[in-house]
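K.L.:
Sequence first, then the predicted structure:
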Amino acid sequence: EVSLVSFYATVRDESGALVNDLKVSDFQITENGRPQKIERFSTERRPLRAALVLDTSESMNTDDRIGKARAAAVRFLDTLSPEDQVALLTFSDAVHLVHPMTGDLRAIRAAIEGMGAKGGTALYDAIWKGSELLSVEDGRKVLVLLSDGKDEAQSGIEPGSLHTMNEALQRALRDGVMIFAIGIGKWGTEQYPEADPYTRMPLRDILGTL
């Protein structure tokens with residue numbers, strides 16, 4: 001049960017320009033159709049605290065998915081402001097904190113460009129660990145996930161994570177972390193989508209749920 005929920009809004013006009021002179025009376029919030037009281041309001045831009053979480057499992061070698069993930073991660077760094085900070089995590093059989101939270105984006109970029117891919121896929125453990133890392137941060141907390149969406153051990157006969165998808169999602173919700181999942185790969189056809197071998201959910205649906 002959560003008594004106070006924080007959320008962040010970016011408002012633009014019809015031309016796409018940012019609107020910076022809004023007051024609390026300009027906003028209405030409802031939850032399940034019921035109006036909610038806004039307890040606190042501020043128009044300041046809160047710095048971003050991002051966990052960049054990259055899939056470096058063996059399956060990412062297919063069709064150079066790892067190369068596409070590296071390129072997407074670098075493009076994300078290019079969008080950040082000077083006051084934003086990023087931590088870099090990778091996951092295969094286990095989750096690795098490659099670089100702690102920092103404003104030194106050159107160090108993060110160098111680490112991204114040196115990544116390879118091998119092993120299984122501990123997808124849900126990576127979300128758990130990224131959320132845990134962000135739990136102590138202030139500001140807007142986001143987890144940017146780049147993966148093909150399959151949680152699986154390298155053996156192919158058991159899950160890759162100790163945590164389930166639901167446990168990972170609950171951890172992110174509890175820590176106030178927004179997840180942006182970017183799917184990299186091919187997921188079969190609409191009639192025969194590639195599915196997670198344990199939950200039977202299509203991989204595209206797993207990433208959409210996250």
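P.N.:
Received it, and whenever you're ready, just let me know what you need. Quick caveat, the model's predicted, so the values are computed rather than measured.
K.L.:
Which parts of this structure are helices?
P.N.:
65-78, 105-113, 123-134, 165-174, 203-209 (DSSP state H).
K.L.:
Can you tell me which of these is packed in deepest?
P.N.:
Most buried of the helices of the chain, by mean neighbour count (mean count of other CB atoms under 10 Å): helix 123-134, with a mean of 25. Where you see a C-beta, it was placed from the backbone N, CA and C, and this is true even at glycine.
K.L.:
Return the list of helices and strands in contact with that one.
P.N.:
Judged by 3 or more CB pairs under 8 Å, 6 or more residues apart in numbering; DSSP states H and E, the packing partners of helix 123-134 are strand 48-55, strand 85-91, strand 95-102, strand 140-147, helix 165-174.
K.L.:
mean confidence score for that helix?
P.N.:
Mean per-residue pLDDT for helix 123-134: 97.
K.L.:
go on, stretch 39-48?
P.N.:
86.
K.L.:
hmm, who's touching the helix or strand bottoming out on mean pLDDT in the chain?
P.N.:
Least confident element among the helices and strands of the chain, by mean pLDDT, DSSP states H and E: helix 203-209 (a mean of 88). Helix 203-209 is contacted by residues 145, 147-150, 165, 169, 181-183, 185, 187, 193-196, 199, 201 when judged by CB atoms under 8 Å, 6 or more residues apart in numbering.
K.L.:
Narrow these to those in strands?
P.N.:
Leu145, Ser147, Ala181, Ile182, Gly183 (DSSP state E).
K.L.:
pLDDT score for the fourth one?
P.N.:
The model reports Ile182 with a pLDDT of 92.
K.L.:
coming back round to it: which one of the ones in strands among the contacts of helix 203-209 is nearest to Thr121?
P.N.:
Thr121 has its nearest neighbour among those in Ser147, at 7.5 Å by CB to CB.
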